[in-house]
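> make a model of this:
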Amino acid sequence: MQLVGREKEQKELIRLKESSQAEFVVLYGRRRVGKTFLVRSFFDDKFSFYCTGIAKGSRKQQLENFGKMLSKYSGKNFLPKDWFDAFEALKSIISTSRQKRKVVFLDEVPWMDTQKSEFKQALDLFWNGWAMMQSSLLFIICGSAASWMVKNVINDKGGLHNRLTCKLHLSPFSLKDTKSYLHTQGFRWTDEMIANCYMVLGGIPYYLHLLDKSLSLAQNIDRLFFEDSALLYDEFNNLYSSLFKKADDYIKIITQLSKKKSGYTRMELIKLLKQKTGGGFTRRLEELEQCGFIRKYLPTSGKTYIYQLVDFFTLFYLQFGGAKEAFDNNMWLHIQTSSKYSTWLGLSFERLCFAHIPQIQRALGISGVATRTYAMLTSSAQIDMVIERADDIINLCEMKYTAGTYALTKEEAKKLQNRIHELSGMFPKKSIIPVLITDCQAKKNEYYNQFIYNNITLKDFFA
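Next up, the predicted model:
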């Protein structure tokens with residue numbers, strides 16, 4: 001399969017490959033986002049050593065698996081008795097490797113670190129006591145459990161503190177990269193169809209890989225979620241269970257977040273979910289954020305962060321995926337005339353806009369301007385997006401998804417005028433500039449000409 005996009009990450013991997021010193025790289029990101037595929041494709045599977053952890057494997061199973069890979073790369077039989085023994089054998093393999101740049105890739109490292117395994121201590125000793133002095137070594141570790149990666153490696157307070165030379169966080173594809181990927185697979189979908197696909201699956205390569213180019217988008221969604229033996233019907237529970245112990249505690253949080261598009265504060269969530277105020281709940285929020293399922297943002301003049309669900313697949317599943325039994329095999333074809341579908345579509349389009357803030361900034365010509373972007377709930381209205389700029393301008397962004405030409409009505413223009421007035425009171429020294437974000441070019445009627453300065457469309461998201 002062809003490697004699509006990831007230009008920034010590939011550029012960094014080229015730098016690391018050509019480096020003349022030891023490099024310790026951590027690669028992390030949401031499960032199914034393509035971390036393993038990126039590394040294995042970039043290096044064409046030509047490693048001095050490669051091993052991946054076993055999901056839910058015991059300490060014994062992890063060591064046996066590591067030993068098999070040691071034997072494969074060395075031609076000798078290895079059966080390490082513990083992780084210190086395993087890393088000692090790895091030193092020997094690296095030392096005898098004939099490759100000029102000795103690339104070692106340990107995948108799904110969090111799974112290797114079973115309870116009381118001493119994996120982390122052995123890793124610390126391996127790097128600090130030997131590997132960091134091997135100028136030919138490029139050492140890459142990877143894992144989907146972003147919380148483990150951040151706690152035990154990136155923000156480690158022990159032996160790996162400040163030892164990383166590079167950290168790469170792999171995000172989902174943008175719309176542009178999603179389009180490129182689908183085109184390489186033979187899809188000839190329109191930009192609108194690709195955007196609709198994105199609002200269901202997000203830019204997750206694994207999910208995109210499951211699409212069938214001989215079917216329409218609606219048929220694909222029914223096939224993946226709602227038909228008998230649907231490929232992604234159990235993905236939601238499997239996804240969270242594979243990342244978190246006591247996954248139900250995390251699912252309760254994201255289920256609550258799905259009920260309010262602007263999100264909740266930590267204390268609001270604690271009250272709604274009837275949780276204790278200790279550090280455990282805060283840790284769960286941090287782990288969900290590190291895995292890319294939620295984001296936190298600080299509203300203007302606010303001192304309390306708001307947490308918001310941003311994962312497209314999760315949002316879709318919580319709206320529709322759990323209701324399989326209530327519908328037939330053509331559910332997605334039939335539900336598109338319902339109010340539930342319209343509500344989801346509008347909400348998901350807003351998420352799509354927040355996932356493409358750099359593209360919105362580029363379309364506005366403000367890529368080089370410092371900004372703060374957030375949704376805002378005022379005393380009288382919910383403002384879809386506010387872009388607070390360092391050049392004394394506030395962009396008030398209205399988002400409308402109509403699957404056709406949108407026309408600003410007299411009633412909506414009046415609401416927009418009230419929001420402009422309210423923001424002017426909040427930012428008396430800044431100019432309020434309304435922006436319309438639509439799927440297609442909006443109709444330029446009298447209300448458009450009076451209020452709208454810019455109209456950003458899906459076409460700009462693909463730029």
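> I would like the residues contacting stretch 30-41, please.
1, 3, 6, 9-10, 13, 27-29, 52, 105, 107, 140, 142, 144, 146, 170-172, 204-207, 239, 242-243, 291-293, 311 (C-beta atoms under 8 Å, 6 or more residues apart in numbering). (C-beta placed from N, C-alpha, C; glycine too.)
> and if we set it to 7 Å?
Contacts to stretch 30-41, defined as C-beta atoms under 7 Å, 6 or more residues apart in numbering, come from residues 3, 6, 9, 27, 29, 105, 107, 140, 142, 144, 170, 172, 204-207, 239, 242-243, 291-292.
> so how far does that stretch reach from one end to the other?
One end of stretch 30-41 sits 18 Å from the other (C-alpha to C-alpha, to the nearest Å).
> average model confidence for it?
What stretch 30-41 shows for mean pLDDT is 93.
> and it, how far from the chain's centre?
On the basis of C-alpha atoms, centre = their mean, to the nearest Å, stretch 30-41 sits 12 Å off its chain's mean C-alpha point.
> before we move on, what about stretch 48-64?
Centroid separation between stretch 48-64 and its chain, computed with C-alpha atoms, centre = their mean, is 26 Å.
> now the end-to-end length of that stretch.
Rule used - C-alpha to C-alpha; the end-to-end distance of stretch 48-64 is 19 Å.
> which of the contacts of stretch 30-41 count as buried?
6, 9, 27, 29, 105, 107, 140, 142, 144, 170, 172, 204-205, 207, 239, 242-243, 291-292 (16 or more other C-beta atoms under 10 Å).
> residues near the residue lying closest to Pro434 once chain neighbours are set aside, how many?
Nearest residue to Pro434, sequence neighbours excluded (C-beta to C-beta, 6 or more residues apart in numbering): Leu396, at 4.9 Å. By the other C-beta atoms under 10 Å criterion, the neighbourhood of Leu396 contains 23 residues.
> which other helices and strands contact whichever helix or strand Leu396 is part of?
In the assignment (DSSP states H and E), Leu396 maps to strand 393-400. For strand 393-400, the packing partners by 3 or more C-beta pairs under 7 Å, 6 or more residues apart in numbering; DSSP states H and E come out as helix 339-354, strand 382-389, helix 410-426, strand 431-438.
> hang on, the earlier thing: just the contacts of stretch 30-41: which are in strands?
Taking DSSP state E as the definition of strands, those contribute 27, 29, 105, 107, 140, 142, 170.
> any chance of the residues you listed in CSV, with distance to Phe451 too?
Converted to CSV, the ones in strands among the contacts of stretch 30-41 look like this (distance: C-beta to C-beta, whole Å):
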residue, distance to Phe451
Leu27, 46
Gly29, 40
Phe105, 54
Asp107, 52
Ile140, 51
Cys142, 49
Leu170, 40
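> now the two most distant members of the residues you listed.
Gly29 and Phe105 (15.3 Å; C-beta to C-beta).
> if we can go back for a sec, now do the strand holding Leu396, average pLDDT.
In the prediction, strand 393-400 has an average pLDDT of 94.
> check stretch 430-442 too.
Stretch 430-442 shows a mean pLDDT of 95.
> give the buried residues for it.
Buried-residue list, stretch 430-442, by 16+ other C-beta under 10 Å: 432-440, 442.
> count the residues that sit near Ala230.
A count of nearby residues for Ala230, using other C-beta under 10 Å, gives 17.
> can you map out the helices along the stretch 201-350 of the chain?
205-209, 217-221, 235-243, 247-257, 266-273, 279-290, 312-319, 331-335, 339-354 (DSSP state H, counting those that start in this stretch).
> lowest average pLDDT across those?
The bottom spot among the helices of the stretch 201-350 of the chain, by mean pLDDT, belongs to helix 331-335, with a mean of 80.
> now the helices and strands packed on strand 393-400 as TSV including distance to Phe66?
Listed next are the helices and strands packed on strand 393-400 as TSV, based on distance: least, C-beta to C-beta, whole Å:
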stretch	distance to Phe66
helix 339-354	40
strand 382-389	48
helix 410-426	58
strand 431-438	50
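> these: which one's closest to Asn196?
Of all the helices and strands packed on strand 393-400, helix 339-354 comes closest under C-beta to C-beta, at 8.4 Å.
> using PDB, list the CA coordinates for the closest one.
What follows is helix 339-354, C-alpha atoms only, in PDB (Å, rounded to 0.1, in the frame of the first residue of the first chain):
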ATOM      1  CA  SER A 339     -34.200  15.000  12.400                       C
ATOM      2  CA  LYS A 340     -31.700  12.900  14.200                       C
ATOM      3  CA  TYR A 341     -29.600  12.700  11.100                       C
ATOM      4  CA  SER A 342     -29.800  16.500  10.500                       C
ATOM      5  CA  THR A 343     -28.700  17.200  14.000                       C
ATOM      6  CA  TRP A 344     -25.800  14.900  13.800                       C
ATOM      7  CA  LEU A 345     -24.800  16.300  10.400                       C
ATOM      8  CA  GLY A 346     -24.700  19.900  11.700                       C
ATOM      9  CA  LEU A 347     -22.700  18.900  14.800                       C
ATOM     10  CA  SER A 348     -20.300  16.800  12.800                       C
ATOM     11  CA  PHE A 349     -19.700  19.600  10.300                       C
ATOM     12  CA  GLU A 350     -18.800  21.900  13.200                       C
ATOM     13  CA  ARG A 351     -16.300  19.300  14.300                       C
ATOM     14  CA  LEU A 352     -15.000  19.100  10.700                       C
ATOM     15  CA  CYS A 353     -14.300  22.900  10.800                       C
ATOM     16  CA  PHE A 354     -12.500  22.700  14.100                       C
END
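> what's it in contact with?
195, 198-199, 261, 310, 312, 315, 319, 335, 360, 384-385, 399, 401, 437.
> now with 6 Å, please.
For helix 339-354, the surrounding residues in contact (C-beta atoms under 6 Å, 6 or more residues apart in numbering) are 199, 261, 310, 319, 335, 384, 399, 401, 437.
> likewise stretch 373-392?
262, 297, 299, 350, 357, 369-372, 394-395, 397-399, 419, 422, 430.
> of these, buried ones?
By 16+ other C-beta under 10 Å, the contacts of stretch 373-392 give 262, 297, 299, 350, 371, 394-395, 397-399, 419, 422 as buried.
> looking at the helices and strands packed on strand 393-400, which is nearest to Asp156?
Among the helices and strands packed on strand 393-400, helix 339-354 sits nearest to Asp156 (C-beta to C-beta), with 31.1 Å.
> go through the closest one and flag the buried ones.
Neighbour-count burial for helix 339-354 flags 344-345, 347-354 (criterion: 16+ other C-beta under 10 Å).
> likewise stretch 94-111?
Residues of stretch 94-111 classed as buried under the neighbour-count rule (16+ other C-beta under 10 Å) are 94, 97, 101-111.
> circling back: parallel or antiparallel, list what pairs with the strand holding Leu396.
Paired neighbours of strand 393-400 in the sheet (DSSP bridges): strand 382-389 (antiparallel), strand 431-438 (parallel).
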